[in-house]
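Colleague: please find the sequence and the predicted model below.
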Amino acid sequence: MTEPKDQQPRLRRSRAAHAAVALIAVACLLSIDSGASAAPGDAKPYDDKLMRLAEILGAVHYLRELCSANDGQLWREKMKELLDSEGSTAIRRARLTRSFNQGYRSYRRTYVTCTPTAQSSIERFLAEGIQIGDGLTNRSP
């Protein structure tokens, strides 16, 4: 069932808000648990997923801005929260920032206008971000 056109922007904002809340929860939970599950050195066992999450934040930041979502700096702020909770060293902060920038730049090269494909990408990224977040918060200690 499709929603009436006048409700579609509200549903997109609602999904984006849900994704943002899920990503914040992940960042908070990871910062609480990071000491218990840390691998030797600077690496954490969940770093691949965390880097993908940062890349998704960058892509969503660019695409939602391109598609006039009026989020302002919401996704950049979520990335800052992720950096604050998981960027325990300069190297980790740099890796997370590089992933965010990679996501942003790769879609900036791909899309110069908002297209149905760009909007579809946003939806896929939000769903993947939620899935990654759920996986990280539900992992066993």
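Modeller: Perfect, I can see it now.

Colleague: double-check Gly133 against Leu53; I have them as touching.
Modeller: Yes - at 7.1 Å, Gly133 counts as touching Leu53 under the criterion of C-beta atoms under 8 Å. The way it works is simple: take the backbone N, C-alpha and C, and place the C-beta from them, glycine included.

Colleague: more crowded one of the two?
Modeller: Higher neighbour count among Gly133 and Leu53: Leu53, with 27 against 23, using other C-beta atoms under 10 Å.

Colleague: check whether that one sits in a helix, strand or coil.
Modeller: Following DSSP: H, G, I helix; E, B strand; the rest coil, Leu53 is assigned to helix.

Colleague: excluding its backbone neighbours, what's nearest it?
Modeller: Nearest non-adjacent residue to Leu53, counting by C-beta to C-beta, 6 or more residues apart in numbering: Ile132, 5.2 Å away.

Colleague: avg pLDDT for the helix or strand where the one you found lies?
Modeller: Using DSSP states H and E, Ile132 sits in helix 116-137. Helix 116-137 shows a mean pLDDT of 92.

Colleague: low-confidence stretches in the chain?
Modeller: 1-41, 139-141 (pLDDT under 70).

Colleague: all helices of it, in order?
Modeller: Taking DSSP state H, the helices of the chain run over residues 8-33, 47-66, 74-86, 90-110, 116-137.

Colleague: tell me the contacts of Ala59?
Modeller: 103-104, 106-107, 121, 125 (C-beta atoms under 8 Å, 6 or more residues apart in numbering).

Colleague: neighbour count added to those residues, as JSON lines?
Modeller: Shown next, in JSON lines, are the contacts of Ala59 (neighbours: other C-beta atoms under 10 Å):
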{"residue": "Gly103", "neighbour count": "26"}
{"residue": "Tyr104", "neighbour count": "22"}
{"residue": "Ser106", "neighbour count": "14"}
{"residue": "Tyr107", "neighbour count": "20"}
{"residue": "Ser121", "neighbour count": "18"}
{"residue": "Phe125", "neighbour count": "21"}
